[in-house]
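Undergrad: Got a predicted model here, sequence first, then my questions.
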Protein chains: 2
Amino acid sequence: MNDKKISIAVIKRLPRYYRYLGDLLENDLVRISSKELSEKMGVTASQIRQDLNNFGGFGQQGYGYNVEHLHHEIGKILGLEHQYNIIIIGSGNLGQALANYTDFERRGFHVKGLFDINPRLVGMTVRGIEILDIDKIEDFVKLMKIDIAVLTIPKQNAITIANDLVKWGVKGIWNFAPVDLKVSIKDAVVENVHLADSLMTLSYNLITKEKEDALQL
Amino acid sequence: MNDKKISIAVIKRLPRYYRYLGDLLENDLVRISSKELSEKMGVTASQIRQDLNNFGGFGQQGYGYNVEHLHHEIGKILGLEHQYNIIIIGSGNLGQALANYTDFERRGFHVKGLFDINPRLVGMTVRGIEILDIDKIEDFVKLMKIDIAVLTIPKQNAITIANDLVKWGVKGIWNFAPVDLKVSIKDAVVENVHLADSLMTLSYNLITKEKEDALQL
């Protein structure tokens, strides 16, 4: 693998390749041509070849791609052979849903702690992990060498706690609060998930399709 | 508003404008210049002007944008003055989390029903809405004129149920199952939310930042 800078567009597509190859693996497929993969994924074969050439290719003329090898290599590029210690801050339904995703654990993301301010939640356990009071968080993060914090808390608290977490050594923040943390945090990597934005995009596409359908009648 | 085709990149940014303007509204701001807005959002002022010019501008030379008006107009473009009837299929933690987002309701997305196959969940209520057995879904969708279905179910079931839903009149699917429904469904609009992809992007950015930091030492 060479070290030249990969474009964000390519990087954004890598998890999708990883997901499709994982599905093929589950179905015991050994190899696949870029043409077959392109039909499954709804992108062009030349795009697939171009994307994967960024990382040295992996394909063989006349053979295609070895599914297991390509899946493994893309996983490596995505950092999935690392093991990450995770905490989830905000242990309501969304926090518990994330804690329950065993898929994340399989990919090296290990939930070490859950936190909340709500006394009705503190003391409960999710998958054997006790929900702790938020006042224990600083010691916990430092002691347990937490790499990634997941924020499922209101936006008012997200910025403050994110800055504290980075001070305490957290390197990555997976943010579900409806605020763009990227803007205010320099020393960590932030990935924002804005569910409401996604729902609004759906709404836009719905009314646009309705207008188009109406024109075609 | 003119009817020329708007690029996907612009559309993808609209929910973000809407969110920032909503925050400004909450703070009782009456007007804002494209320069001030650009500083808050971390994009260039000229990008903002270009994006909004797609929809006829909204700004006034020397005044800037009226926050409430712009917020309202972007909401209209996003289809948020419509009212949508929603069902959630899969009433585990994630489904319940989505049912509990009062923000969605405020924007016109009304949860009318929750469904699950798990007998331990069926009969429970979330925000006063009873979780129904999945075998009641066909009648319910037709009777209640459901516009949007939210899928928080395993991928094996997602494709089958999505095709059924579209047959029964559902126009939009907000899909949280780890499968790209867009490829297989033609008569409805699909918005996929792939949480695992987002976590893998975070992982990639984490290890890339680590490598870059190591080079700078």
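TA: Okay, I see it. Because the structure is a prediction, the values reported are computed rather than measured.

Undergrad: Outline the domain layout of chain A.
TA: The record assigns chain A these domain ranges, following automatic domain parsing: A:8-77, A:84-197.

Undergrad: which of the ones you listed sits most buried?
TA: Per residue and on average, the most neighbours among the domains of chain A fall to domain A:84-197, with a mean of 18 (mean count of other C-beta atoms under 10 Å in any protein chain shown). All C-beta atoms are positioned from the backbone trio N, CA, C, and that covers glycine.

Undergrad: and that one, how far apart are its ends?
TA: The first residue of domain A:84-197 is 28 Å away from its last residue (C-alpha to C-alpha, to the nearest Å).

Undergrad: The residue lying closest to residue A:11 once chain neighbours are set aside sits in which helix or strand?
TA: Leaving aside its chain neighbours, residue A:11 sits nearest to residue B:204 (5.9 Å; criterion: C-beta to C-beta, 6 or more residues apart in numbering or on different chains). Residue B:204 is part of helix B:195-216 when elements are defined by DSSP states H and E.

Undergrad: and if you look at residue A:113?
TA: Residue A:113 belongs to strand A:109-116 when elements are defined using DSSP H and E.

Undergrad: OK, contacts around residue A:94?
TA: The neighbourhood of residue A:94, defined by C-beta atoms under 8 Å, 6 or more residues apart in numbering or on different chains, consists of A:152, A:176, B:93-94, B:97.

Undergrad: In a strand, it, correct?
TA: No: with DSSP: H, G, I helix; E, B strand; the rest coil as the criterion, residue A:94 is located in helix rather than a strand.

Undergrad: circling back to that earlier point, what lies in contact with the strand holding residue A:113?
TA: If you take C-beta under 8 Å, 6+ apart as the criterion, strand A:109-116 is touched by A:83-92, A:95-96, A:98-99, A:104-105, A:122, A:126-127, A:129-134, A:136-137, A:140, A:144, A:146, A:148, B:199, B:203.

Undergrad: quick one: which of the contacts of residue A:94 is nearest residue A:11?
TA: Minimum distance to residue A:11 across those is 20.9 Å, recorded for residue A:176 (C-beta to C-beta).

Undergrad: distance between stretch A:200-217 and the chain's centre?
TA: How far stretch A:200-217 lies from its chain's middle: 30 Å, per C-alpha atoms, centre = their mean, to the nearest Å.

Undergrad: oh sorry, the question was meant for stretch A:25-42
TA: Relative to where its chain is centred, stretch A:25-42 has its mean C-alpha point 22 Å off (C-alpha atoms, centre = their mean).

Undergrad: Is there proximity between that stretch and chain B?
TA: Yes: contact of stretch A:25-42 with chain B is found when judged by C-beta under 8 Å from any C-beta of the partner chain, involving A:40-42.

Undergrad: And the helices in chain A?
TA: Defined through DSSP state H, the helices belonging to chain A, from first to last, are A:8-26, A:34-41, A:45-53, A:67-77, A:93-99, A:102-106, A:137-143, A:155-167, A:195-216.

Undergrad: quick one, what contacts the closest residue to residue A:168 other than its chain neighbours?
TA: Spatial nearest neighbour of residue A:168, excluding adjacent residues (C-beta to C-beta, 6+ apart): residue A:141 at 4.5 Å. In this structure, residue A:141 makes contact with A:87, A:149, A:165, A:168-170, judged by C-beta under 8 Å, 6+ apart.

Undergrad: Show me which pair in the residues you listed is furthest apart.
TA: Maximum pairwise distance among the contacts of residue A:141 (C-beta to C-beta): 11.8 Å, between A:87 and A:169.

Undergrad: Pull up the overlap in contacts between the two.
TA: By C-beta under 8 Å, 6+ apart, residue A:87 and residue A:169 have these common neighbours: A:141, A:146.

Undergrad: The residue nearest to residue A:11: neighbour count?
TA: Summarising burial for residue B:204: neighbours were counted as other C-beta atoms under 10 Å in any protein chain shown, giving 21.

Undergrad: can I assume it is in contact with residue A:78?
TA: Yes: A contact is recorded between residue B:204 and residue A:78 when judged using C-beta atoms under 8 Å, the distance being 5.0 Å.

Undergrad: Residues that sit against both of those two, list them.
TA: When contacts are counted by C-beta under 8 Å, 6+ apart, residue B:204 and residue A:78 have residue A:14 as shared neighbours.

Undergrad: List the contacts of the helix holding residue B:204.
TA: Helix B:195-216 has contacts (C-beta under 8 Å, 6+ apart) with A:11-12, A:14-16, A:18-19, A:77-80, A:82, A:84, A:98, A:101, A:103-104, A:107-109, A:147-148, A:171-172, A:174, A:189, A:191, A:193, B:176, B:178.

Undergrad: now that helix: how far from the chain's centre is it?
TA: Helix B:195-216 sits 26 Å away from the centroid of its parent chain (C-alpha atoms, centre = their mean).

Undergrad: Distance of residue A:190 relative to chain B?
TA: 8 Å (C-beta to the nearest C-beta, to the nearest Å).

Undergrad: now do residue A:25
TA: For residue A:25, the distance to chain B equals 14 Å [C-beta to the nearest C-beta].

Undergrad: Could you do residue A:53 as well?
TA: Distance of residue A:53 to chain B, given as C-beta to the nearest C-beta: 18 Å.

Undergrad: Residue A:71 now?
TA: From residue A:71 over to chain B the distance is 13 Å, taken as C-beta to the nearest C-beta.

Undergrad: that older thread, reformat the contacts of residue A:94 as CSV; add pLDDT and distance to residue B:113.
TA: As requested, those are exported to CSV (pLDDT from 0 to 100; distance: C-beta to C-beta, whole Å):
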residue, pLDDT, distance to residue B:113
A:152, 97, 24
A:176, 96, 25
B:93, 95, 18
B:94, 96, 16
B:97, 95, 16
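
Undergrad: quick one: terminal-to-terminal distance for stretch A:116-134?
TA: Start and end residues of stretch A:116-134 are separated by 5 Å (C-alpha to C-alpha).

Undergrad: my bad, should have said stretch A:29-48
TA: With C-alpha to C-alpha as the measure, the ends of stretch A:29-48 fall 18 Å from one another.

Undergrad: Pull the residues that contact it.
TA: With contact meaning C-beta under 8 Å, 6+ apart, stretch A:29-48 is reached by A:13, A:16-17, A:20, A:24, A:49, A:59, A:63-68, B:180, B:182-183.

Undergrad: Now render the contacts of residue A:94 as TSV, adding distance to residue B:7.
TA: Written out in TSV, the entries for the contacts of residue A:94 read as follows (distance: C-beta to C-beta, whole Å):
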residue	distance to residue B:7
A:152	32
A:176	28
B:93	36
B:94	31
B:97	32
